[in-house]
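Visitor: give me the fold of what follows.
(chains A and B)
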Amino acid sequence: MMFTILGMSGIPQIVKTVENPFDFSACVRPNAVHRSVYVDAAIFETELTRIFERSWVYVGHESQVAKPGDYFATRIGRHPVVMVRGNDQKIRVFFNRCLHKGAQLVGEGCGTAGKALRCGYHGWIYDFDGALRSVPARSGYDGSGVRPGAAEFALHSVAAVDRYRGFIFAKVAAEGLSLIDWLGPLASSLDNFVDRAPAGEVEVAGGVLRYEHACNWKFFIENTLDALHPMVVHQSAARSARGVAAAQGTHNNALPFELQALAPFAGSYTFYDDMGGRVMPNGHAELGGAASIHSNYAEDPDYLAAMTAAYGESRAREILSITRNNSLAYPSMMFKAPMQLLRVVRPLAVDRTLIETWHFRLKGAPASMLARTLAYSTLVNSSAGMVGPDDHQIYRQLQSGLATSQIEWVEMSRYIGAGQASMDGSIGVKGTSDAMFRGQFAAWQTLMRA
Amino acid sequence: MPPLHEPISPALYLALSQFLYDEAALLDARDWDGWGQLFHPEGTYWVPAARDQTDTLNHVSLVNDNALLREIRLGRLKNGDATSLQRMPNSSHLVSNISVTAADDLRGQYTLRSCFVVAQFANWGTSTFHGGYTHELLRDIDGTLRISLKRVDLVNVDGPLGDVLTIL
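Guide: The predicted model follows:
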């Protein structure tokens, strides 16, 4: 496979094969990134190996596999994987591939296996811990290595599985940081996600949205932290909502939730700058803090009462005062702690990406909280919604605009050099800072090294 | 509403079917206000996000528009500055297999099931949506039929979906 890339000298160089130990550093400059990272199919293939195998990738939530035999099948990069709870209650993540002829064992999505995982082709049966339990017509394998319990024919596990507050992450490659070290300061935002449950636990609820995007995966994750686009891209929805709100003539808190949710999309540059953000090691970043597009929603008195009863008033207030727009666990998980939802990016091709939106119930909270999460997602994340399709249109334009090789670099210099270093290793930045993108590409550069 | 025990009159069947055809024609003509006016003030335009979805409070939807959200959605279609609607979607709504599954002439309430094929040309190409409609209709005091519920069940609702830019 041949592809070209602009070398350090500024002269396009030919790189012979993807397998070549090529250093992709030349694609990233301190204030710009080369267009090839979004449009080059060979770079995309390399990302699947170097980014998606070397990172902790969010697989699912423990509540999706509540009982032994429950499974959830998805993908990590190009690998089909299945997360399954064992009879020992341990959650394992296997490559979703039979050791016989290689058929995918279970279809994507959630399911429950009765007593074992059975391949639908020749009926090989595996225990939930991956051990080969039986093969039909076994005597034909006498003298070979194929026998129940043979380590060689057990399901292959990914290199590492770990969880944080119920969120299960897996890593295909063995080397690298532990999950907690990799998350770093971002863990505090997952804490905030879960601490918002009066009972201190969340569970997947309310179904999933699967939205196919005709664009590179990186446009989506960058855009979730891009505070310079809402007032342009979403002006239509926000203007329409504000018009309807003005006609109602009531105070914000008395407006229907949907109007409260849509109006901030047309917030000013100052509003977005002032909400701030954090840039963290390993590509993680987040937009919003004490202020965000979610910070001015009317309070639900029943929820507030449940939180106060669980935590005491000052701790409850402290938890609810952190309202981040979006938190990115690089490369593929974006969560909205104050809205109890998260989105997962699944790269399919250089210009094709599947976005899944998962919703969560706060245990111990009134049912109105889940209803609010779902109303928000219907409005914003649905492929028939009033926000997501406008973003998608821009991603298409990025994908086609960057097709020209006549202009090589994509700009990302806003507020370069500015930021406030924090004790936890994060850097506080203005909400509209490109530092969030620079941080992603710094991680990209590190991971893409051979 | 009582289920249907005997066939309804051909005249009523024709009138109810014509209502669906008229609705389709309004959408294809991009007469957004005209389409909005078909709804009862309490009416809902609902596209569930799962097969056999029973409610909108415990499960996410693709669309769940009450009068307020319908107004915002139609406002977006009309104000012309939505990024994804720079080229206003063109559509063709085909409605067929219409059956009246419940009818109460006294109250003026009718439930219709039908199949649809909607072709949407928007932005970069044509997408086709297939599925079933459920229309719950209510006759006004002045005799006009109004939609109290339009439910759209997409056949591929459980799979990944692309943009739905028009009204189904």
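Visitor: elements contacting the helix-or-strand element of chain B with minimal mean pLDDT?
Guide: Ranked by mean pLDDT, DSSP states H and E, the weakest helix or strand in chain B is helix B:67-79, scoring a mean of 91. Judged by 3 or more CB pairs under 8 Å, 6 or more residues apart in numbering or on different chains; DSSP states H and E, helix B:67-79 is in contact with helix A:235-248, helix A:257-262, helix B:32-36, strand B:39-48. Backbone N, C-alpha and C define where each C-beta goes, glycine included.
Visitor: dump these to CSV, plus mean neighbour count, mean pLDDT and distance to A:Gly149.
Guide: Putting those into CSV (neighbours: other CB atoms under 10 Å in any protein chain shown; pLDDT from 0 to 100; distance: least, CB to CB, whole Å) gives the following:
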stretch, mean neighbour count, mean pLDDT, distance to A:Gly149
helix A:235-248, 20, 84, 58
helix A:257-262, 21, 89, 55
helix B:32-36, 17, 97, 65
strand B:39-48, 19, 97, 46
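Visitor: the residue positioned nearest the centre of chain B sits in which helix or strand?
Guide: With distances taken as CA atoms, centre = their mean, chain B has B:Lys150 as the residue nearest its mean C-alpha position (4.3 Å). According to DSSP states H and E, B:Lys150 maps onto strand B:145-154.
Visitor: and that strand, which strands flank it?
Guide: With DSSP bridges as the test, strand B:145-154 is paired with strand B:39-48 (parallel), strand B:125-139 (antiparallel).
Visitor: can the helices and strands packed on helix B:67-79 go into TSV with extra columns for distance to A:Gly283?
Guide: Output for these, formatted as TSV (distance: least, CB to CB, whole Å):
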stretch	distance to A:Gly283
helix A:235-248	29
helix A:257-262	28
helix B:32-36	43
strand B:39-48	35
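Visitor: out of the ones you listed, which is closest to B:Asp81?
Guide: Nearest to B:Asp81 among these is helix A:235-248 (4.7 Å), distances taken as CB to CB.
Visitor: output the contacting helices and strands for the closest one.
Guide: Applying 3+ CB pairs under 8 Å, 6+ apart, one finds that helix A:235-248 makes contact with helix A:257-262, helix B:67-79.
Visitor: could those helices go into a markdown table alongside distance to B:Arg30?
Guide: Formatted as a markdown table, the helices and strands packed on helix A:235-248 follow (distance: least, CB to CB, whole Å):
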| stretch | distance to B:Arg30 |
| --- | --- |
| helix A:257-262 | 23 |
| helix B:67-79 | 8 |
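Visitor: now B:Leu165: how far from chain A?
Guide: 6 Å (CB to the nearest CB, to the nearest Å).
Visitor: just confirm B:Glu42 contacts B:Leu68, I think it does.
Guide: No - contact criterion CB atoms under 8 Å: B:Glu42 and B:Leu68 do not qualify, at 11.4 Å.
Visitor: okay, the angle between the longest helix along chain B and strand B:145-154?
Guide: Identified as the longest helix of chain B according to DSSP state H is helix B:10-28. Relative orientation of helix B:10-28 and strand B:145-154, computed by axes from the mean of the first three to the mean of the last three CA atoms, to 10 degrees: 70 degrees.
Visitor: right, is helix B:10-28 up against chain A?
Guide: No - shown here: helix B:10-28 not in contact with chain A (CB under 8 Å from any CB of the partner chain), separated by at least 14.1 Å.
Visitor: what residues does that helix touch?
Guide: With contacts defined as CB atoms under 8 Å, 6 or more residues apart in numbering or on different chains, helix B:10-28 is touched by B:34-35, B:38, B:91-95, B:98, B:100, B:103, B:105, B:110, B:112, B:114, B:133, B:135, B:137, B:145, B:147, B:166-167.
Visitor: near chain B, which residues of the stretch 101-250 of chain A show up?
Guide: A:205-212, A:214, A:233, A:235-237, A:239-241, A:243-244.
Visitor: change it to 10 Å
Guide: A:109, A:205-214, A:229, A:232-245, A:247-248 (CB under 10 Å from any CB of the partner chain).
Visitor: how about the residue in the stretch 301-450 of chain A that chain B sits nearest to: what's its closest non-neighbour residue?
Guide: The nearest approach of the stretch 301-450 of chain A to chain B comes at A:Ala384, 3.6 Å away (CB to the nearest CB). Spatial nearest neighbour of A:Ala384, excluding adjacent residues (CB to CB, 6 or more residues apart in numbering or on different chains): B:Val164 at 3.6 Å.
Visitor: secondary structure class for A:Ile319?
Guide: helix (DSSP: H, G, I helix; E, B strand; the rest coil).
Visitor: what's near enough to touch it?
Guide: With contact set as CB atoms under 10 Å, 6 or more residues apart in numbering or on different chains, A:Ile319 has these partners: A:191-192, A:194-197, A:307, A:310-311, A:337-338.
Visitor: do the same with A:Gly140
Guide: Contact analysis of A:Gly140 by CB under 10 Å, 6+ apart lists A:Val146.
Visitor: bridged to the nearest residue to the residue nearest to the centre of chain B once chain neighbours are set aside, which residues?
Guide: In this structure, B:Lys150 finds its nearest non-sequential neighbour in B:Tyr45, 5.1 Å apart by CB to CB, 6+ apart. Beta-bridge partners of B:Tyr45, counted by DSSP bridges, are B:Asp65, B:Lys150.
Visitor: surely B:Tyr45 touches B:Leu149?
Guide: Yes - at 8.3 Å, B:Tyr45 counts as touching B:Leu149 under the criterion of CB atoms under 10 Å.
Visitor: overlap in contacts, these two.
Guide: Joint contacts of B:Tyr45 and B:Leu149 (CB under 10 Å, 6+ apart) are B:Phe39.
Visitor: A:Ala245 contacts A:Ala266, correct?
Guide: No - using CB under 10 Å, A:Ala245 makes no contact with A:Ala266, being 11.3 Å away.
Visitor: common neighbours of those two, please.
Guide: Shared contacts of A:Ala245 and A:Ala266 (CB under 10 Å, 6+ apart): none.
Visitor: run the chain-centre distance for the strand holding B:Lys150.
Guide: Distance of strand B:145-154 from the chain centroid (CA atoms, centre = their mean, to the nearest Å) equals 5 Å.
Visitor: and the average pLDDT for that strand is what?
Guide: The average pLDDT for strand B:145-154 rounds to 98.
Visitor: then stretch A:24-44?
Guide: pLDDT averaged over stretch A:24-44 gives 94.
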